[in-house]
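Student: Return a 3D structure for these sequence lines:
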Amino acid sequence: MLSYLKKVLIPQSDLWGKSSREIGRKQQDKKVQLATCILFVELANADNQFLREEMEKIFSIMKGTFGDIDEKDIKELIEIAREKIKADESTYEYTTIISENFSNSEKYELLKNLWRLVFADRSMDQYEEHIVKKIGMLINVDYRDIISAKLLVKQELRI
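Tutor: Predicted coordinates:
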């Protein structure tokens, strides 16, 4: 876990030969990755069961969303996310990071991925649904788009 946190806080290997803008962008990318992972882990924990299918789906989504991330970093992100959720940190902080850094199409894709995670076990718990809707509203997505993403994923998964 410490190695990922070190990457979020100015990575020493990046200090040489890079502008502060490049370093700042890399740090911001790490914060966005962490915020995204926290939302996924919170959703996976909504029904008090973190299933293997959900863990695999988080790995797949994180890899698909952030192609340059490796499995070790994803494991660390999940570990950090679990600790932050246990500490009862507010989702608002993380949705704000997403809202400020994702375009509308990236937000919509995030919502579809959240719905894919919900349906990883082929069912939907009322708490899972509530969390996705809450996240959607906090990242400034219209309610109709939240539902549209849900229906699209249900159709895609033939549920």
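Student: Next secondary structure after the lengthiest helix in the chain?
Tutor: Scanning the chain for the helix with the most residues, using DSSP state H, yields helix 20-44. Next along the chain after helix 20-44, taking DSSP states H and E as the criterion, comes helix 52-65.
Student: buried stuff in that following helix?
Tutor: Judged by neighbour count (16 or more other Cβ atoms under 10 Å), helix 52-65 contains these buried residues: 54-55, 57-59, 61-62, 65. (C-beta placed from N, C-alpha, C; glycine too.)
Student: For that helix, which helices and strands make contact with it?
Tutor: helix 20-44, helix 71-86, helix 104-118 (3 or more Cβ pairs under 8 Å, 6 or more residues apart in numbering; DSSP states H and E).
Student: Tell me how far the longest one lies from the chain's centre.
Tutor: On the basis of Cα atoms, centre = their mean, to the nearest Å, helix 20-44 sits 8 Å off its chain's mean C-alpha point.
Student: So which other helices or strands are in contact with it?
Tutor: helix 2-8, helix 52-65, helix 71-86, helix 91-101, helix 104-118, helix 126-138.
Student: Present those as CSV; the columns should include distance to Q155 and mean pLDDT.
Tutor: CSV is the format used below for the helices and strands packed on helix 20-44 (distance: least, Cβ to Cβ, whole Å; pLDDT from 0 to 100):
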stretch, distance to Q155, mean pLDDT
helix 2-8, 36, 55
helix 52-65, 18, 95
helix 71-86, 28, 94
helix 91-101, 25, 94
helix 104-118, 11, 97
helix 126-138, 16, 96
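Student: Which among those is found nearest to V32?
Tutor: With Cβ to Cβ as the criterion, V32 lies closest to helix 91-101 of these, at 4.9 Å.
Student: Show me what that closest one is packed up against.
Tutor: Short answer (3+ Cβ pairs under 8 Å, 6+ apart): helix 91-101 packs on helix 20-44, helix 104-118, helix 126-138.
Student: Swap in 6 Å and give it another go.
Tutor: helix 20-44 (3 or more Cβ pairs under 6 Å, 6 or more residues apart in numbering; DSSP states H and E).
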